[in-house]
Each structure stands twice: as structure tokens, then as C-alpha cells.
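1. What shape does this take:
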Amino acid sequence: MFAKTSAAAAAPVDAPPQARRRRHALLAAVLGTTACLGVTAPAATAAGQRAGATHCVTVLNGVERGEGESTVRSRTCFSGPGAGERAERAAPAGATQLMLWAEHGDWGGVYDRVYGYDGPCDAAGYSFTPSTWWSNNLSSFQVMGGCNTSYLSGPRGNGSFTGQVSYVGAALNDAVTYVKVWRG
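-> So this is what the prediction gives:
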């Protein structure tokens, strides 16, 4: 009829000190095991973002005449509580956000906001090589700032996309070595 519980788990607040110590030890053991396994309660925020996750900001120049890729002006990352807000505040004045990269499918995990200094996307767009970490971890992304078309390539294949991409596919997942975005 009722589930059987241990005395340690069911000890009331006004229980003798020995029962409270057993209850605290049991709780600490459960929480410690959970932490060691990496199991945490998701602290979800808007757009599938996880509170406390790492958020980066990458800033690009446009493709210069005679060059094949945009140059990366800067890359900065923030982690811990409030990382997303700090990354948003780090957006450079005068730059246009072009993409939001995510470590996992459906825009989960670590994020990188990619900005361009040469204005919104046009037919020429922006093209570049991701950092080594992002080459090995990119799984989904959103386009913005006038960008609506993207091309990604990597050692296992390539793909062209239109609009938001909740998963880059098996050939490109965690294997992107080149990115181009533009207004098609």
C-alpha cells in the first residue's frame, strides 16, 4: 500500500541528530553520485539555451577582393552563470550578427555568435574556417542578419542549407572545416 522507505530518508526535521546525520549522508551520496555522472537538472532558457553554458563571439571582416575567405577579427568566449548575457553585451558596435552556432542538434550546448563587420549578408556573404574546437563540435545553427543560405564542408562531405538548421546531418556533424553564408 505504501512504499517502504529507509529511516534515513524519512527522518523528520525534529528527528534525533543520528537520524538527521544519516539523512544528510544519504542526500550527499545521491547528489554526489548524480554530479559524478554529469546528470544535472536542465536550466533551460530561450531557444534551447542552457544556463551557465559557454557562449562565444566571433567577429569577421568581409571577404577582401582577391581573398577566398573572410578574416577573423576576434574570438572571445564566456562561461558560467550569465555567459549568454555577457556574450550578447560583447557584440561589437557596428557589426551584424550573421549566425548562431550550437554544439548540439536543436541548438543545444555551447554557443558561438558570429558577427560580420561588413554589414548584413549580401550575395558575396562571408566565408571562413571555424576554429579547431568548432570544426569538431558544430551540430546546428541559425542564420540571421540578412543571411538565408549557407554552405558547409568537411572531411566527410558538404551540404547547402536554406534557413535555420536544427541538425547539419551525419556527414557534417562535428566535422565542419569551412562555412559560407550569404543572401541567396
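2. any idea how far V57 lies from N158?
-> V57 sits at a distance of 26 Å from N158 (criterion: CB to CB, to the nearest Å). Glycine gets a C-beta too; all of them are placed from N, C-alpha and C.
3. R73 too?
-> Distance from R73 to N158, by CB to CB: 26 Å.
4. Ok, S135 next?
-> Distance from S135 to N158, counting by CB to CB: 14 Å.
5. Also A170?
-> 13 Å.
6. for A123, same thing?
-> Relative to N158, A123 is positioned 20 Å away (criterion: CB to CB).
7. and R86, what element?
-> Using DSSP states H and E, R86 falls within helix 83-89.
8. Now do that helix: which elements does it pack against?
-> Applying 3 or more CB pairs under 8 Å, 6 or more residues apart in numbering; DSSP states H and E, one finds that helix 83-89 makes contact with strand 55-63, strand 70-78, strand 108-116.
9. rerun that using 6 Å as the cut-off
-> strand 55-63 (3 or more CB pairs under 6 Å, 6 or more residues apart in numbering; DSSP states H and E).
10. What angle do strand 108-116 and the strand it packs on make with each other?
-> Relative orientation of strand 55-63 versus strand 108-116 (axes from the mean of the first three to the mean of the last three CA atoms, to 10 degrees): 30 degrees.
11. what angle separates strand 55-63 from strand 70-78?
-> Here the directions of strand 55-63 and strand 70-78 differ by 170 degrees (the same axes, to 10 degrees).
12. List the strands paired with strand 55-63, with their directions.
-> Sheet pairing of strand 55-63 (DSSP bridges) gives strand 70-78 (antiparallel), strand 108-116 (parallel).
13. For it, what does the pLDDT average out to?
-> For strand 55-63, the mean per-residue pLDDT is 92.
14. Residues contacting it, please?
-> The contact list for strand 55-63 (CB atoms under 6 Å, 6 or more residues apart in numbering) reads 70-78, 83-84, 87, 90, 92, 95, 111-118, 126, 128.
15. please redo it, this time with the cut-off set to 8 Å
-> 69-79, 83-84, 86-87, 90-92, 95, 98, 110-119, 124-128, 131 (CB atoms under 8 Å, 6 or more residues apart in numbering).
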